[in-house]
Each structure stands twice: as C-alpha cells, then as structure tokens.
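In: The following block contains a protein sequence and its predicted model.
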Amino acid sequence: MQSNLAYQTTTEVELDQQINPERKRIGLYGGTFNPIHTSHLIVADQVYTALGLDEVWFIPDEVPPHVDSKTAINADLRVEMVEAAIADNPHFRVELAEVERGGVSYTYDTITFLKEKYPIYDFYFIVGADMVADLPTWHRIDELAKLVMFVGVQRPGFIVDSKYSVLWVDSPLLDISSTDIRNRVKSGLSIRYLVPAAVETIIKEHHLYE
C-alpha cells in the first residue's frame, strides 16, 4: 500500500513543514570587508560558539550607507576575499543579498529579504559596541529591531546600554582594521597574520590597495 505522503499537495507539504519546522539560528555579519581580516573571523567564531548558532553568514555590502564608497574596491573582489577567508570553516558562508540587490545597503532591506526567503530561521545580527551606540540612527531601526536580534561584541570604552535588545558577547580584542591594512599595503609593509594567507595572496595577485 502506498504512503499517503505520495498524494499530498504542495500546500499540505508546506503546512506540515510549518507545523514541524527545522529551525536554524543564523548569525549575520555585515560589512564592507575591504579587506576581511583576522579580527572579523575571530568575532564571527566567538559569536557562533557563545550563542550556539548553526551558521554565520558574512554579508558584503555593495554601497555602504555609512562609509565613503570611494575607498571600497569592487564588490566582486571583496566577495572573493571573504570566500577565501572562510573556506576552511564549514559553519561560515557568504550571503550575496546586498551585492546582488545593488545600490546602498540598508540592513532593514536585507533582513526583510532574508526573513521572506527563510521564514523559519532566527537571525542574529552581529555589531560592534561602537555600532550599538549608533543604532538609533539606522534606517527604519524600530522596525528592524522587531525582525532581528542584535548581538553586540564588547569593546572597552563604549557604553553598552541601548534602548534596543542586544545580546552581548565577549571576544578577544585585536587592534586590526581594514583601513590599517590598506595603509600597510600602500606603504609596502607586511600584512602577514593580519589577514588569512589566502586573502593576502588575492591582494598581491590583483595589486589591491597599492
């Protein structure tokens, strides 16, 4: 006798998935990643472990709303560097929502898109302590705060209080910045260990930031 499942309609299958959803907890790490560096990877790994997430998705932006776009190289090259940096971690992946959408990358638009695409996933948006302080200035922040949980990464010298719900995670602090890496490349200084070896190779092969 055949199983009743063979006669289920698409609607019935979808209903069954909603009743018994395979939920996932996903960390979202947005940024220009110009370039991605070791500190980014440490933060992502610490949040992944501390919150028991299923995955962390790195979301390179196309045109960042709070950064001078003239300093950012082509998005395709930044994506290539992120992919190379996380290739050895099965719990990390790249999400291209903002690059494929194009234009200015507002977090609200990205989260809305992801919630529609993955309705049974719970998203945790990773931000630095300095960014937590700036949350009130974010595009449609009150609506955004209802869609996603913010995860703040502790940083000395920044007030951790916020009117928005924030989960705080401690992480080793490395004084590494993309700006410093670009300046070092331009000055002919070493960036070894500041970025993954695969990222350094891409920077050299494409003569980036020189």
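Out: Nice, thanks for sending it over.

In: show me where this protein has helices.
Out: 10-19, 38-51, 75-86, 97-101, 107-117, 129-134, 141-144, 178-186, 197-205 (DSSP state H).

In: so which of the ones you listed gets nearest Arg25?
Out: Nearest of the helices of the chain to Arg25, taken as C-beta to C-beta: helix 38-51 at 7.0 Å. Glycine gets a C-beta too; all of them are placed from N, C-alpha and C.

In: Name the residues of that closest one that are buried.
Out: For helix 38-51, burial by neighbour count (16 or more other C-beta atoms under 10 Å) applies to 38-44, 46-48, 50-51.

In: hang on, the earlier thing: would JSON lines of the helices of the chain with distance to Val153 be doable?
Out: Shown next, in JSON lines, are the helices of the chain (distance: least, C-beta to C-beta, whole Å):
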{"stretch": "helix 10-19", "distance to Val153": "34"}
{"stretch": "helix 38-51", "distance to Val153": "5"}
{"stretch": "helix 75-86", "distance to Val153": "18"}
{"stretch": "helix 97-101", "distance to Val153": "20"}
{"stretch": "helix 107-117", "distance to Val153": "16"}
{"stretch": "helix 129-134", "distance to Val153": "6"}
{"stretch": "helix 141-144", "distance to Val153": "18"}
{"stretch": "helix 178-186", "distance to Val153": "16"}
{"stretch": "helix 197-205", "distance to Val153": "21"}
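
In: Tabulate those (CSV), appending distance to Arg155 and mean pLDDT.
Out: Shown next, in CSV, are those (distance: least, C-beta to C-beta, whole Å; pLDDT from 0 to 100):
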stretch, distance to Arg155, mean pLDDT
helix 10-19, 40, 46
helix 38-51, 10, 97
helix 75-86, 22, 97
helix 97-101, 24, 95
helix 107-117, 19, 97
helix 129-134, 4, 86
helix 141-144, 20, 97
helix 178-186, 16, 96
helix 197-205, 23, 98
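
In: Could you identify which of those helices is most buried?
Out: Mean neighbours per residue, mean count of other C-beta atoms under 10 Å, is largest over the helices of the chain for helix 75-86, with a mean of 20.

In: which secondary structure elements does that helix contact?
Out: helix 38-51, strand 55-60, strand 92-94, helix 97-101, helix 197-205 (3 or more C-beta pairs under 8 Å, 6 or more residues apart in numbering; DSSP states H and E).

In: packing partners for the first one?
Out: Helices and strands in packing contact with helix 38-51 are listed as strand 24-31, strand 55-60, helix 75-86, strand 121-128, strand 149-153, strand 166-169; criterion 3+ C-beta pairs under 8 Å, 6+ apart.

In: Need the CA coordinates for the last one. CSV is fine.
Out: By that I understand strand 166-169. Extracted in CSV, the C-alpha atoms of strand 166-169 (Å, rounded to 0.1, in the frame of the first residue of the first chain):
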residue,chain,number,x,y,z
VAL,A,166,21.2,43.4,22.5
LEU,A,167,22.8,40.1,23.3
TRP,A,168,26.4,40.8,24.4
VAL,A,169,29.3,38.5,23.6
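
In: Give me the residues contacting that strand.
Out: If you take C-beta atoms under 8 Å, 6 or more residues apart in numbering as the criterion, strand 166-169 is touched by 46-47, 50-51, 124, 132, 149-154, 160.

In: still on that earlier bit, compare the helices of the chain and give me the one nearest Asp170.
Out: helix 38-51 (7.4 Å).

In: Nothing else from me, thank you.
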